[in-house]
Structure formats: C-alpha cells, structure tokens
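Participant: Using only what follows, build the 3D model:
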Amino acid sequence: MFVPLLGVGLLLAAVLINLSTNKLIETVASVLGFFKIGGIIVFGVVGVFIADSIDMGTGGGVPSPTLSGFFGAAALGIFAFKGFTTITNSGSELKNPKRNLGKAIMISIALCVVIYALVGFAVASNLSLSEIIETQDYSLAAAARPAPGEAAVGFTVFLAMLATAGGIIAIVFAVSRMLAMLTEMKLVPHRHFHMPGSLQKHTLVYTIVFGLILTAFFDLSRIAALGIIFYLIMDIAIHWGVLRHLRKSVGAIAVIPSIAILLDVLVLSGFVWEKATSDPLVLIVAAGLMAVLLIGEWLFLAKRNNSADSEQFHSH
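Facilitator: Below is the predicted model of the structure:
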C-alpha cells in the first residue's frame, strides 16, 4: 500500500514542478540527477569493495534458464536504456541540438553502462542468485545491508526515491512536449476541458492522470512490463515508418532499421511468451489499451481527413 501512495505523491510533485518555468525544471532535474548518479556510483564502489568476490553464486532453488527468459531479460535491458529517448523528445531545449543531441545520447548511454555494471557487480557480490530473485525490486537495498547495516538500506531507498523522482520529472516533461507537438500537427485529438494555460500544460495533465491510474492499479513489475511492450511496438513502428516513407529524405541506410526491426520482433516475441506463461493479465491489459488507441486514432484521422476533403470541396 505504501509503494503506490509514494508513487502517487512523486507524480503529483512532478506535475507541480513541470507546471513551473523551464529553468526550474532543468535545475531540479539536474540536482536530482547529480545526487542520484553520484550516490549510486558510491554504493556500487563500496559494494564491490566490501565483497569477497564479484562472482555470482547461484545457490539452490534457482529456476533453469530458458530462451523466453533470456529474451525477457533482453527486453528489460532495452527498456533500462530507453532514457536517451527523453533527450530526443526534449531536443529543442538543447543549445545547438544538431551538434549536442548525439553527444548527449552517447554520454547518457555511457553513464548507464558504468552505473548498471557497478550496481550489478555490487548486488551479485553480496547476494546469491536465489536471493536476488527473492528480493526482486528491493535487491539493491538487500545488497546494501552487509555494509553499514540498516543505514545503508535507508540510503539505498533514498537513492531509489531520488532516481524515481528525477526520472519522472524528465519523462513527464518530454512526453507532454511530444504529445503537444503531435496535437499541433493534428495527429492526436485534444480537449482542453476549460483548463487554462498552454497546450503543453494540458498534455502534461493528461500524462499525469494516466500515470496516476497505472500507479494506483499496477505494481512496479507490471508497469515496467506494459512499458516494455508499448516501447518495443513503438520502436518497430518508427523503424518501419523510416523504411517505408522517410528513408530517402533522412538518408537512412535500409539495413540498419531492418536489423533493428528484426531484433525488436525477436525480443518482443520472447517477452510476450514469457508473460503469457507467468502473468497473462499484462498482455490482456496491453492488448486492450492498444486496441482502444488504434481504434480511437483511426476514427480521429478518418474524421479529420473527411473534414479536410469537405473544406477543399467547398473552397472550389
């Protein structure tokens, strides 16, 4: 019960910050990011230093590895690195984005590799594989216990809260901007419901409301699973769109998005199969949401095209 309430509180705090000026949003996100990255690196170094070895002990009662499990882990790995899309969605906020956007993405991925490797070594050095599976979302806090005891656990929980808050602030800002852009392009419907402020503030409210619903009714693992499914399908659709419509205009090399589509399909298929055997509710919810989105978008675009044709006819 405490975790959903904490998630709701973080979302509400994120919307208050995002309703302020861009300068304040940037400052808060930067400060949280600095403490988050620094704290996790310190934990990783200390965890590896106090461990007897960095070998992962399997212990007993560990499930046998499967191909679907491997693809499921690969899907989680892809989702763990998706934060760089927040940079692309906020590209217009960067100074000289043509030069700095690619640089920011590479720095982001490099930092993630270093941080995830340190955390992985720290956890694997202090917990057996069966203990990691048992603790799941709290394995980082469990691995911190051999250090300064419960104080390390509290520090780890605090770091997790900072990481979540910083991620929510950045993602909500990026997603609301992207939705506002799509709305201005008349690709998604919009109703302001008499809300004051700009279009981006409206899409911010919609994003937060959807996030609140997910947080209230689903646990962290199911929210992550839904995010993985939607993200991989979106990635496939974008690469297909580049191949089909934008390849010449953007100078894309056809083999690169083709390989990306193939790998996405493989990983998505394995992840869906793993969830079908372990948690089919996630697939039911994902299929239902996608059906609603596809039907709603198809009706909206059909209505928009009919209106445009009608206006053109009357103008003639």
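Participant: What is the neighbour count of Ser108?
Facilitator: Counted with other C-beta atoms under 10 Å, residues neighbouring Ser108 total 16. Heads up, the C-betas are built off the backbone N, CA and C, glycines and all.
Participant: That one and Ile87 touch, don't they?
Facilitator: Yes. Ser108 is in contact with Ile87 according to C-beta atoms under 8 Å; the separation is 6.2 Å.
Participant: Distance check, the residue lying closest to His190 once chain neighbours are set aside against Gly211.
Facilitator: Closest residue to His190 apart from its sequence neighbours, by C-beta to C-beta, 6 or more residues apart in numbering: Thr183 at 4.6 Å. The spacing between Thr183 and Gly211, counted by C-beta to C-beta, to the nearest Å, is 18 Å.
Participant: Then Asp235?
Facilitator: Separation of Asp235 from Gly211 (C-beta to C-beta): 21 Å.
Participant: Kindly report the same for Met290.
Facilitator: Using C-beta to C-beta, Met290 is found at 18 Å from Gly211.
Participant: And these two? Which one has more around it.
Facilitator: Between Met290 and Gly211, counted using other C-beta under 10 Å, the more crowded position is Gly211 (21 against 13).
Participant: what about that one, helix or strand, and which?
Facilitator: In the assignment (DSSP states H and E), Gly211 maps to helix 199-217.
Participant: Mind giving me the packing neighbours of that helix?
Facilitator: Under the contact criterion of 3 or more C-beta pairs under 8 Å, 6 or more residues apart in numbering; DSSP states H and E, helix 199-217 touches helix 2-18, helix 150-184, helix 220-241.
Participant: in that helix, what's buried?
Facilitator: 199-208, 211-212, 214-215 (16 or more other C-beta atoms under 10 Å).
Participant: Kindly present those as CSV, with separate columns for pLDDT and distance to His245.
Facilitator: Below are those laid out as CSV (pLDDT from 0 to 100; distance: C-beta to C-beta, whole Å):
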residue, pLDDT, distance to His245
Leu199, 82, 26
Gln200, 79, 27
Lys201, 80, 31
His202, 83, 29
Thr203, 83, 25
Leu204, 83, 30
Val205, 83, 32
Tyr206, 84, 27
Thr207, 83, 27
Ile208, 84, 32
Gly211, 81, 31
Leu212, 82, 35
Leu214, 79, 32
Thr215, 78, 36
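Participant: Out of the residues you listed, which two are the most distant from each other?
Facilitator: Leu199 and Thr215 (24.6 Å; C-beta to C-beta).
Participant: Report the residue ranges of every domain in the chain.
Facilitator: The chain breaks down by automatic domain parsing into domains covering 1-53+64-217, 220-316.
Participant: Now do the last one, average pLDDT.
Facilitator: Read it as domain 220-316. Per-residue pLDDT over domain 220-316 has a mean of 85.
Participant: now stretch 117-130
Facilitator: pLDDT averaged over stretch 117-130 gives 77.
Participant: I'd like the numbering to begin with 47 instead of 1 from here.
Facilitator: Fine by me, first position is 47 from now on; the one you just mentioned is stretch 163-176.
Participant: Could I get the buried residue list for it?
Facilitator: By neighbour count on 16+ other C-beta under 10 Å, the buried set for stretch 163-176 is 164-165, 167-175.
Participant: Which ones among those map onto helices?
Facilitator: If you go by DSSP state H, the buried residues of stretch 163-176 have 164-165, 167-172, 175 in helices.
Participant: quick one: which of those residues is nearest Lys349?
Facilitator: Lys349 has its nearest neighbour among those in Val165, at 48.6 Å by C-beta to C-beta.
Participant: Helices of the stretch 47-196 of the chain, start to end?
Facilitator: Counting by DSSP state H, counting those that start in this stretch, the stretch 47-196 of the chain has helices at residues 48-64, 68-96, 113-126, 130-135, 143-172, 175-181, 185-190, 196-230.
Participant: and those, which is most packed in?
Facilitator: Neighbour counts (mean count of other C-beta atoms under 10 Å) averaged over each of the helices of the stretch 47-196 of the chain peak at helix 185-190, with a mean of 21.
Participant: What average pLDDT does that one get?
Facilitator: For helix 185-190, the per-residue pLDDT averages 68.
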